[in-house]
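> this one's sequence-less:
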């Protein structure tokens, strides 16, 4: 194994050269154990490592802390000394979502991946509105989108083909494959997307067969596979943590636990790129700030009435647009709160320093007299 096999490139080489010190080596994080991490070096050596205090305190938020897929500068400990992450290298790509709930935190799902592979099926899991969310997040990440309409053996060929066509219509640049880990359909096509150094992460709902696909790509039962419910065709959730593994034929895979909520962490520009059909029609509205409700001269309402734009597509865009705007508002509010807190802490420190100096000035003559 070499660094190149792990995804090393000139981008990371240049970043490492700017921070490296004697005794530090590049390594890629393959596992997050909450307190420690698993790290893999170019020699194929795996270490259990800890994060240095500097790396922790330099991170402005949790999303800037090391995550699975990150490259780090690692100091190999000797004897009883820990192996320590001394620096996290800049990310080339980052696939993330907003942390579930009302938090305004970003949750990193996979760092430095070339392909984000969404696994769904043509049955009950197929949800085009959720796919729109995935495409928006992938667009912001910098990775390429790949969608697998999996478990094709459970559905008629026409149903699988229709599901694939609907997904392609949402994102023409995405590669969409109809697959089945059980009978091996198109698994070879997934392998062809990978080569030494290329990283892919699998995401999707629980029970869509991600673990079975991972095992098929590895050629061995690396992930436990859940039993399939005969009524729903779903398998029980089996992946419990993110983990990076190097595939025997080349390529790097990061598996993710099932995702229940695809919460937005993107910006207006990326969202509009993923809804170009809506954006192009909206540009024809009479007023530039048209809300596409009761405003006069709304091209969007006309397109829906004439059947040129699906009502569901418009509603999805408006909902995501509202979510992005709300996230932006809450991030701004949080930034202002942090700045106010920093100013308050600065004033408190300045006042405490002044009080201390005043006290020292009062005590100094007494000390001299005694």
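Ah, there it is. Bear in mind that the values here come from a model prediction, so they are computed numbers and not experimental data. Numbering: from 1, shown residues only.

> what about the residue nearest to residue 309 when sequence neighbours are not counted, helix or strand, and which?
Ranked by Cβ to Cβ, 6 or more residues apart in numbering and with sequence neighbours excluded, the top spatial neighbour of residue 309 is residue 303, at 4.0 Å. Where C-beta positions appear, they are placed from N, C-alpha and C, glycine not excepted. Assigned by DSSP states H and E, residue 303 falls within helix 299-305.

> now that helix: how far from the chain's centre is it?
34 Å (Cα atoms, centre = their mean, to the nearest Å).

> try stretch 352-369
Distance, centroid of stretch 352-369 to centroid of chain: 54 Å (Cα atoms, centre = their mean).

> which of the residues in that stretch are buried?
Going by neighbour count (16 or more other Cβ atoms under 10 Å), nothing in stretch 352-369 comes out as buried.

> Equivalent analysis for stretch 17-34, please.
Quick answer for stretch 17-34 (16+ other Cβ under 10 Å): 24-32.

> Determine how far the last residue of it lies from the first.
Start and end residues of stretch 17-34 are separated by 28 Å (Cα to Cα, to the nearest Å).

> who touches that stretch?
By Cβ atoms under 8 Å, 6 or more residues apart in numbering, the list of residues contacting stretch 17-34 from outside reads 3, 6-8, 12, 16, 37-42, 46-49, 66-76, 86-87, 89, 112, 241-245.

> Neighbours of residue 292, how many?
By other Cβ atoms under 10 Å, 19 other residues sit near residue 292.

> Now it: closest residue in space that isn't a chain neighbour?
In this structure, residue 292 finds its nearest non-sequential neighbour in residue 300, 4.2 Å apart by Cβ to Cβ, 6+ apart.

> isn't the one you found right up against residue 309?
Yes - counting by Cβ atoms under 8 Å, residue 309 is a contact partner of residue 300 at 6.9 Å.

> any common contacting residues for these two?
Shared contacts of residue 300 and residue 309 (Cβ under 8 Å, 6+ apart): 278, 281.

> Next, give phi and psi for residue 243.
Note on residue 243: backbone dihedrals following degrees, to the nearest 10 are phi -150, psi 140.

> I meant to write residue 361 there.
Main-chain torsions, residue 361, degrees, to the nearest 10: phi -70, psi -40.

> Tell me which stretches of the stretch 101-250 of the chain form strands.
Under the criterion DSSP state E, counting those that start in this stretch, the stretch 101-250 of the chain contains strands at 106-111, 115-121, 144-150, 175-178, 199-204, 243-246.

> Who are the packing partners of the second one?
In terms of contacts (3 or more Cβ pairs under 8 Å, 6 or more residues apart in numbering; DSSP states H and E), strand 115-121 is packed against helix 128-141, strand 144-150, helix 157-170, strand 199-204.

> repeat that with 7 Å
helix 128-141, strand 144-150, strand 199-204 (3 or more Cβ pairs under 7 Å, 6 or more residues apart in numbering; DSSP states H and E).

> Over to the fifth one?
For strand 199-204, the packing partners by 3+ Cβ pairs under 7 Å, 6+ apart come out as strand 106-111, strand 115-121, helix 210-218, strand 252-255.

> Present these as CSV; the columns should include mean neighbour count.
Output for these, formatted as CSV (neighbours: other Cβ atoms under 10 Å):
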stretch, mean neighbour count
strand 106-111, 22
strand 115-121, 26
helix 210-218, 23
strand 252-255, 24
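
> for those, which one sits closest to residue 280?
With Cβ to Cβ as the measure, strand 115-121 is the member of the helices and strands packed on strand 199-204 nearest residue 280 (25.2 Å).
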